[in-house]
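1. predicted model and sequence below, questions to follow.
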Amino acid sequence: MLYRKMIWTLRIINSIKSGVCRASTWADFSKVSDDYDKFRIPVGRDFIAGMSQLYTGKRLQDLHILDIGCGTGQYAKEMLDLGVGRISLIDASPDMLNAAKYKLANEIEQGRVQCLETIKAPPLPFNSDCFDVILLTAVLPHLDCAGDKTYQNAVKMLEEANRVLTKNGTIVITTSFFSTFSRYWFCKVCPELCQRLCEYFPSASDFEIMFTRANLKCVQKFTVIGAGFMSYEGMVNSEGYVDQAWINSACCFDLATEEELTAIQDKVHTLYQNGKWKEWLAENDSTNELGIATFFVCQRKDNEGQAQ
């Protein structure tokens, strides 16, 4: 057991020494890894498990999943807890991956975690046709620069995912759109921030073009209703301000200006002091009621009888 622990530690250290690039073109995950899980909700885990079994034709215990941009391993942990047999994780942030390593310590010991590597992708350092399911959870919007509507890096990632996917394998992609971002309460305070965020997020039609370029076909599209990515429990601290840990966990505030952050804090503090914060939040945030996360389930176009 000690030998295995040493191997895992060495693999992570060597990856860090190799000089990994930033995990996102706009978010700095190195500064939020300690807070990332405090308010994050792994939305749609049952949906992912169900779609994975339906389209691969395999039981959970027989699946090998690749979690690209795994972050702190939230979704990987959920999948393993549901009974997935094996999972491999990669992320460009060594800080986030270290958090995943400790979260999955037991599963690593059991041999259910096949790979835990700090890797900047694309490309993917795996042989072709080796994964049953590939997860891209809020990953693609981080790969290209604002205004680049060709989404070249995102397409390359999808092409690589297609390459390492087994014949009847499934790719599950999670994203958000302008119409869903606008459901967040802070977008009511700073609509410019919402617009700035959406410059990085492909539209539904953009995704369809990207899928075609990567020789993929979308077989399911679904927005999870009744759950958002972020928990609001404990979001406002005892002084009446948005807790810094919540801001870090949300990540999107990396795109906010100092003036916007001040405006958000001032708005929340004033409402809190007047005893109206919870009422205002209920009236101005619909992420839980209407959903924020949209899932695309894709397969290879050449899968006859699968992608119908």
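-> Received it, and whenever you're ready, just let me know what you need.
2. how about the helices in the stretch 1-150 of the chain?
-> 2-17, 36-39, 45-56, 74-82, 94-103, 105-110 (DSSP state H, counting those that start in this stretch).
3. which one of the ones you listed lies closest to residue 228?
-> Closest to residue 228 of these is helix 36-39 (C-beta to C-beta; 10.3 Å). To be clear about C-beta, it is placed using only N, CA and C from the backbone, and glycine gets the same treatment.
4. which other helices and strands contact that closest one?
-> helix 94-103, helix 244-250 (3 or more C-beta pairs under 8 Å, 6 or more residues apart in numbering; DSSP states H and E).
5. out of these, which is closest to residue 40?
-> Nearest of the helices and strands packed on helix 36-39 (C-beta to C-beta): helix 244-250, 5.6 Å.
6. so, low pLDDT: which residues of the stretch 1-150 of the chain?
-> Flagging of the stretch 1-150 of the chain using pLDDT under 70 yields the residue ranges 1-22.
7. picking up where we left off before, turn the helices and strands packed on helix 36-39 into JSON lines, columns for mean neighbour count and distance to residue 180.
-> Compiled in JSON lines, the helices and strands packed on helix 36-39 are given as follows (neighbours: other C-beta atoms under 10 Å; distance: least, C-beta to C-beta, whole Å):
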{"stretch": "helix 94-103", "mean neighbour count": "20", "distance to residue 180": "24"}
{"stretch": "helix 244-250", "mean neighbour count": "19", "distance to residue 180": "15"}
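8. got the buried residues for the strand ranked longest in the chain?
-> Secondary structure of the chain read by DSSP state E shows that its longest strand is strand 165-175. Using 16 or more other C-beta atoms under 10 Å as the burial criterion, the residues of strand 165-175 that qualify are 165, 166, 168, 169, 170, 171, 172, 173, 174, 175.
9. repeat that for stretch 108-119.
-> 108, 113, 114, 116, 117, 118, 119.
10. list the contacts of the residue located most distally from the centre of the chain.
-> What lies farthest from the middle of the chain is residue 274; by C-alpha atoms, centre = their mean that is 35.9 Å. Applying C-beta atoms under 8 Å, 6 or more residues apart in numbering to residue 274 gives no contacts.
11. for the helices and strands packed on helix 36-39, give me JSON lines that also has distance to residue 82.
-> Shown next, in JSON lines, are these (distance: least, C-beta to C-beta, whole Å):
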{"stretch": "helix 94-103", "distance to residue 82": "15"}
{"stretch": "helix 244-250", "distance to residue 82": "23"}
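12. what's the closest of these to residue 213?
-> Of these, nearest to residue 213 by C-beta to C-beta is helix 94-103, at 28.4 Å.
13. if we can go back for a sec, please identify which of the helices of the stretch 1-150 of the chain is closest to residue 233.
-> helix 36-39 (8.0 Å).
14. in that closest one, what counts as buried?
-> Applying 16+ other C-beta under 10 Å to helix 36-39 flags 36, 37, 39 as buried.
15. swap in stretch 289-297?
-> 291, 292, 293, 294, 295, 296, 297.
16. now swap in stretch 59-75 and tell me
-> Result for stretch 59-75 [16+ other C-beta under 10 Å]: buried residues 60, 63-75.
17. okay, how far is it across that stretch, tip to tip?
-> Taking C-alpha to C-alpha, to the nearest Å, stretch 59-75 runs 18 Å from one end to the other.
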